[in-house]
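Engineer: Generate coordinates for the sequence data below:
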Amino acid sequence: MELYIKLIDVILPVFFVIGIGYYLGKKDPNFNTDFITTLAGNVGTPAMIFYTITSTGVTLETFIEYFTYALIIIGGFAVVGLIVLALMKKDFVSELPPLILPNTGNMGIPICLFAYGTEGLGIASAIASVIILLHFTLGVLLAKKSFSLKILITNMPIYGIIAAVIVLYYDWEVPGFVVNTTFLLTYATIFLVLMSLGIALTKLKVVSWLNASILSGVRIIIGPIIGFGLIKYLNLTGLAAGVLLIQSAMPSAILTYLVGSMYSEKRVVDSIASVIVTSTLMSFITCLLYTSPSPRDLSTSRMPSSA
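Structural biologist: Numbering: from 1, shown residues only. Below you'll find the model as predicted:
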């Protein structure tokens, strides 16, 4: 019983805040999220990436290690996704992103925070960094059928990643005021992105529940199986294994819809939206399974102390 109570302590806060956003979106369909998304995307997310990578004990070697692991997992996602889309006779180029790009930022980072405290944040952010880079490189390439350097260089989270890697490379000590500022922005951003996720879910519609359920199952079920396989192959344990499993089990990222809506035809965009909604709903249940570390691990989980 104690284990399940601790699991609820990890999962419930995340979905409660998502629920607040969903309620606001339903109450006011014209709720304008432009300010929230702009603030979170251009200020909060870069600050969160910088803080979680530079202030949680992550070394450059650890960052590179999990950055590489994430690329391997994404490769596995891509192989499975291509096979499934081919069997379903779907556009396996434009509709691939929601199968290979999980929501490691909006949902993965907060869940890792509650499950493993600040120790898990750095690893979670290293993995999320890969997904962010892929959204604005591979994601745009698949949707637009061409690469856009302009989109990449105008994406502010990229600079958060670059700044963090430079600090790790030179082993610089981050000034206290920078640590404290990015600390505040990090936890403000976690609330904002979860709430905006809830609002976004009210605007997305499911076109075909059958197709969406099949593709969501690939994302939610096959994803963590691939992650688990890598964990076993590398003989990872404890926090490292837990964070990698959680991040590989996340539902499809909202950003795949935003990128798709800019460059893909409506049929494809509707399919992507359907997968995002369905996989997020399915994750309400599956997250309980994939955030089930040992009682010992859960008993040491904690909220971070202030910087």
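Engineer: So what touches the helix or strand harbouring residue 158?
Structural biologist: Here residue 158 is covered by helix 156-170, with elements defined by DSSP states H and E. Helix 156-170 is touched from outside by 41-43, 45-50, 53-54, 58-60, 63, 129, 132-133, 136, 152, 172, 174, with contacts defined as Cβ atoms under 8 Å, 6 or more residues apart in numbering. Placement of C-beta: from N, CA and C, glycine included.
Engineer: Go through the residues you listed and flag which are in helices.
Structural biologist: With helices taken from DSSP state H, the overlap with these comprises 45-50, 53-54, 60, 63, 129, 132-133, 152.
Engineer: what is the mean pLDDT for stretch 270-289?
Structural biologist: Per-residue confidence for stretch 270-289 averages out to 86 on the pLDDT scale.
Engineer: most centrally placed residue in the protein?
Structural biologist: Per Cα atoms, centre = their mean, the C-alpha nearest to the average position across the chain is that of residue 104, at 1.4 Å.
Engineer: number of nearby residues for residue 202?
Structural biologist: The local packing count at residue 202 equals 18, with neighbours defined by other Cβ atoms under 10 Å.
Engineer: nearest residue to it other than its sequence neighbours?
Structural biologist: With Cβ to Cβ, 6 or more residues apart in numbering as the criterion, residue 202 has its nearest non-adjacent residue at 3.4 Å, and that residue is residue 25.
Engineer: coming back round to it: neighbour-wise, which one of the ones in helices among the contacts of helix 156-170 leads?
Structural biologist: When the ones in helices among the contacts of helix 156-170 are compared by neighbour count (other Cβ under 10 Å), residue 49 ends up highest, at 29 neighbours.
Engineer: From residue 126, how far out is that residue?
Structural biologist: In this structure, residue 49 lies at 9 Å from residue 126, with Cβ to Cβ, to the nearest Å as the measure.
Engineer: just checking, residue 248 touches residue 103?
Structural biologist: No: the criterion here is Cβ atoms under 8 Å, and residue 248 misses it with residue 103 at 11.4 Å.
Engineer: which helices and strands does the helix or strand containing residue 9 pack with?
Structural biologist: Residue 9 belongs to helix 2-27 when elements are defined using DSSP H and E. With contacts defined as 3 or more Cβ pairs under 8 Å, 6 or more residues apart in numbering; DSSP states H and E, the secondary structure elements packing on helix 2-27 are helix 109-116, helix 176-203, helix 266-290, helix 295-299.
Engineer: Apart from its chain neighbours, what residue comes closest to residue 213?
Structural biologist: Closest residue in space to residue 213, ignoring its immediate chain neighbours: residue 278 at 5.8 Å, by Cβ to Cβ, 6+ apart.
Engineer: what do you get for residue 189?
Structural biologist: For residue 189, ignoring the flanking residues on the chain, the nearest one in space by Cβ to Cβ, 6+ apart is residue 44 at 3.1 Å.
Engineer: now residue 22
Structural biologist: Excluding its sequence neighbours, the residue lying closest to residue 22 (Cβ to Cβ, 6+ apart) is residue 198, at 3.8 Å.
Engineer: quick one: the one you found and residue 14, what's the gap?
Structural biologist: 10 Å.
Engineer: Mind checking which of these two has more residues around it?
Structural biologist: residue 14 (25 against 22).
Engineer: Tell me the confidence at the residue nearest to that one when sequence neighbours are not counted?
Structural biologist: Closest residue in space to residue 14, ignoring its immediate chain neighbours: residue 110 at 5.0 Å, by Cβ to Cβ, 6+ apart. Residue 110 carries a pLDDT value of 89.
Engineer: how much space between residue 110 and residue 193?
Structural biologist: In this structure, residue 110 lies at 8 Å from residue 193, with Cβ to Cβ as the measure.
Engineer: go on, residue 273?
Structural biologist: As judged by Cβ to Cβ, residue 273 and residue 193 stand 18 Å apart.
Engineer: Show me where this structure dips below the pLDDT cut-off.
Structural biologist: Within the chain, the ranges that satisfy pLDDT under 70 run 1-7, 290-307.
Engineer: about what we covered before: let me see the contact set for the residue nearest to residue 202.
Structural biologist: Under the contact definition (Cβ under 8 Å, 6+ apart), the residues listed for residue 25 are 31, 198, 199, 200, 201, 202, 203.
Engineer: ok, now which ones touch residue 187?
Structural biologist: Going by Cβ under 8 Å, 6+ apart, residue 187 touches no other residue.
Engineer: Now do the nearest residue in space to residue 115 that is not next to it in sequence: how many residues are near it, please.
Structural biologist: The shortest distance from residue 115 to any non-neighbouring residue, by Cβ to Cβ, 6+ apart, is to residue 10 (4.8 Å). Residue neighbour count, defined by other Cβ under 10 Å, stands at 23 for residue 10.
Engineer: Just to check, residue 10 is in contact with residue 114?
Structural biologist: Yes: checked against Cβ under 8 Å, the pair residue 10 and residue 114 is within contact range at 4.4 Å.
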